[in-house]
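Asker: Any chance you could fold what I've pasted below:
(one chain, ligands or ions: 1)
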Amino acid sequence: MTAAVRASSGPPPDFRRRGHFLRKSQGAALSARLAGGEVAQPVAREPAAAEPARESCLEVMDDKPGTLSENSELLFSFGVIADIQYADLEDGYNFQGNRRRYYRHSLLHLRGAIEHWNTEGRLPCCVLQLGDIIDGYNAQYKASEKSLELVMNTFQMLKVPVHHTWGNHEFYNFSRNYLMNSKLNTKFLEDQIVHHPETVPSEDYYAYHFVPFPHFRFILLDAYDLSVLGVDQSSPKYQQCLKILREHNPNSELNSPQGLSEPQFVQFNGGFSQEQLNWLNEVLTFSDTNQEKVVIVSHLPIYPEASDSVCLAWNYRDALAVIWSHKCVVCFFAGHTHDGGYSEDPFGVHHINLEGVIETAPDSQAFGTVYVYPDKMMLKGRGRVPDRIMNYKKENASQF
Ligand SMILES: [Zn+2]
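Answerer: Residues are numbered from 1 along each chain as shown. Got it, this is the predicted structure:
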């Protein structure tokens with residue numbers, strides 16, 4: 001199916017549903033199974049340590065994070081926002097009819113977030129846009145380019161760079177080739193590691209890494225590297241991806257997870273190629289060696305306990321196996337779920353699924369700023385986004 005055909009029928013019904021969460025015990029079993037012989041054993045943790053109580057976050061987090069405690073020198077900060085899904089449309093609802101979508105107001109939410117970031121006492125180093133910047137409905141109304149221009153013009157008001165991630169709605173509106181040549185390609189912001197050619201990403205997927213502050217590396221991943229969305233139907237890659245999808249999803253409607261043992265195998269999701277995972281492994285190896293801390297960004301989440309399982313990347317286990325074989329990763333930011341979610345995995349990686357702008361009422365907000373300290377990162381959420389404290393793994397906490 002070409003992007004044009006896909007677009008002409010509008011965005012697919014949203015079959016996401018709750019109730020697919022793995023229980024804690026299932027998650028632990030998954031962790032142990034994935035750990036295998038290659039990676040360290042999961043660190044035993046008290047359940048209470050996995051997610052700090054909301055009250056305790058609020059107690060210590062105020063609008064002046066530089067005054068937290070004696071061991072809390074603010075190094076830098078960055079903004080996060082997800083699933084803006086702007087369209088010039090009346091409000092609507094998700095597929096289940098239980099979540100209102102504010103298509104027009106999402107642009108005002110974005111404007112509010114930008115005004116906030118622009119007036120923070122210390123400007124964030126950058127903003128991470130976690131994908132689905134305009135809604136798939138734009139394609140149906142032939143408004144894709146106009147809506148994208150409107151949103152990008154709004155982003156131009158931002159005083160700091162923005163890194164754009166690509167989600168399924170990007171591919172409902174545009175082909176991969178179009179995106180590569182658009183303003184949504186922010187690969188020009190990448191940093192390169194001299195004398196380490198293995199850390200240079202391939203042009204076959206949209207991923208890169210950058211260093212906004214010494215010893216902190218951010219990696220932007222392409223969760224639709226394996227996907228039937230945005231790919232030319234005549235290409236071998238399309239056939240390969242369709243085969244993977246059909247092998248795991250016998251439904252005639254490939255956007256439906258009905259009856260699937262692995263409900264993430266739906267058309268509106270995608271996955272990471274082995275080539276991209278090999279590259280990720282090389283970058284993380286470099287970061288381990290150089291005692292860097294790493295933040296990973298992807299439209300699709302990869303940790304079942306932080307996400308509705310229908311929203312996970314196809315081969316989320318492969319991505320977790322790579323990440324868990326390194327000690328440098330602090331947190332993994334994703335969008336796509338709209339409801340948000342959080343869990344710290346057994347290896348101390350904090351998985352944050354940000355609440356989506358599109359399902360945020362006009363009287364609320366959905367964005368955040370992450371303040372980075374020598375021993376932790378602190379997400380100060382606005383509106384629907386809760387505060388989070390993300391302590392580094394013990395062996396990584398005292399390098400400053
Ligand atoms: Zn999405």
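Asker: What segments of the stretch 101-250 of the chain are helices?
Answerer: 105-118, 137-140, 144-155, 168-173, 176-180, 236-248 (DSSP state H, counting those that start in this stretch).
Asker: Out of these, indicate the one that is most buried.
Answerer: Mean neighbours per residue, mean count of other C-beta atoms under 10 Å, is largest over the helices of the stretch 101-250 of the chain for helix 168-173, with a mean of 27. The way it works is simple: take the backbone N, C-alpha and C, and place the C-beta from them, glycine included.
Asker: any idea of the pLDDT on the residue in the stretch 51-200 of the chain positioned nearest to the ion?
Answerer: The nearest approach of the stretch 51-200 of the chain to the ion comes at residue 167, 3.9 Å away (C-beta to the ion). pLDDT for residue 167: 98.
Asker: where are the low-confidence patches of the stretch 51-200 of the chain?
Answerer: The stretch 51-200 of the chain contains residues with pLDDT under 70 at 51-71.
Asker: let's go with 90 and repeat that
Answerer: Along the stretch 51-200 of the chain, the parts satisfying pLDDT under 90 run over 51-72, 94-98.
Asker: what does it have sitting close to the ion?
Answerer: 132, 167-168 (C-beta under 5 Å from the ion).
Asker: 8 Å instead, please
Answerer: Neighbours of the ion within the stretch 51-200 of the chain, by C-beta under 8 Å from the ion: 83, 131-132, 167-169.
Asker: The stretch 201-350 of the chain too?
Answerer: So far as C-beta under 8 Å from the ion goes, the stretch 201-350 of the chain lies against the ion at 268, 299-300, 311, 335-336.
Asker: Which single one of those is nearest to residue 151?
Answerer: residue 335 (14.8 Å; C-beta to C-beta).
Asker: Number of residues surrounding that closest one?
Answerer: 32 (other C-beta atoms under 10 Å).
Asker: same question, residue 233
Answerer: Residue 233 is flanked by 13 other residues according to other C-beta under 10 Å.
Asker: how much space between it and the ion?
Answerer: 22 Å (C-beta to the ion, to the nearest Å).
Asker: still on that earlier bit, how about the residues of the stretch 51-200 of the chain next to the ion, which pair is most distant?
Answerer: Among these, 83 and 168 lie farthest apart (C-beta to C-beta), at 10.3 Å.
Asker: which residue ranges form the strands in this protein?
Answerer: Remark: strands assigned in the chain by DSSP state E are 76-81, 92-93, 100-101, 127-129, 162-164, 208-213, 216-220, 293-298, 329-334, 341-344, 350-353, 366-372, 376-383, 388-391.
Asker: Contacts only, for residue 92.
Answerer: Contacts of residue 92 were listed using C-beta atoms under 8 Å, 6 or more residues apart in numbering, and they are 100-101, 103.
Asker: switch to 7 Å and redo it
Answerer: Residue 92 makes contact with 101, 103 under the criterion C-beta atoms under 7 Å, 6 or more residues apart in numbering.
Asker: hang on, the earlier thing: so what sits against both of residue 83 and residue 168?
Answerer: Contacts common to residue 83 and residue 168, judged by C-beta under 7 Å, 6+ apart, are residue 132.
Asker: Nearest residue to residue 254 in space, please, no chain neighbours.
Answerer: Computed as C-beta to C-beta, 6 or more residues apart in numbering, the closest residue to residue 254 that is not its neighbour in sequence is residue 267, at 4.1 Å.
Asker: how close does that neighbour sit to the ion?
Answerer: Relative to the ion, residue 267 is positioned 12 Å away (C-beta to the ion).
Asker: thinking that residue is in contact with residue 228, fair?
Answerer: Yes: Residue 267 lies in contact with residue 228 (C-beta atoms under 7 Å); the separation is 6.0 Å.
Asker: shared neighbours, the two?
Answerer: residue 245.
Asker: Burial check on the residue in the stretch 301-400 of the chain that the ion sits nearest to, number of neighbours?
Answerer: At 3.8 Å from the ion, residue 336 is the closest residue in the stretch 301-400 of the chain, using C-beta to the ion. Residues lying near residue 336 (other C-beta under 10 Å) number 29.
Asker: For it, give me its contacts.
Answerer: Applying C-beta under 7 Å, 6+ apart to residue 336 gives the contacts 83, 131, 167, 299-301, 311.
Asker: Am I right that residue 129 is in contact with residue 81?
Answerer: Yes: using C-beta under 7 Å, residue 129 is in contact with residue 81, at 5.8 Å.
Asker: which sections of the stretch 251-400 of the chain are below the confidence cut-off?
Answerer: 393-400.
Asker: Beta-bridge partners for the residue minimising distance to the centre of the chain, please?
Answerer: The residue lying closest to the centre of the chain (C-alpha atoms, centre = their mean) is residue 334, at 2.1 Å. Beta-bridge pairing for residue 334 (DSSP bridges): residue 298, residue 353.
Asker: Please name the residues that touch it.
Answerer: Applying C-beta under 7 Å, 6+ apart, the residues contacting residue 334 are 130, 298-301, 353.
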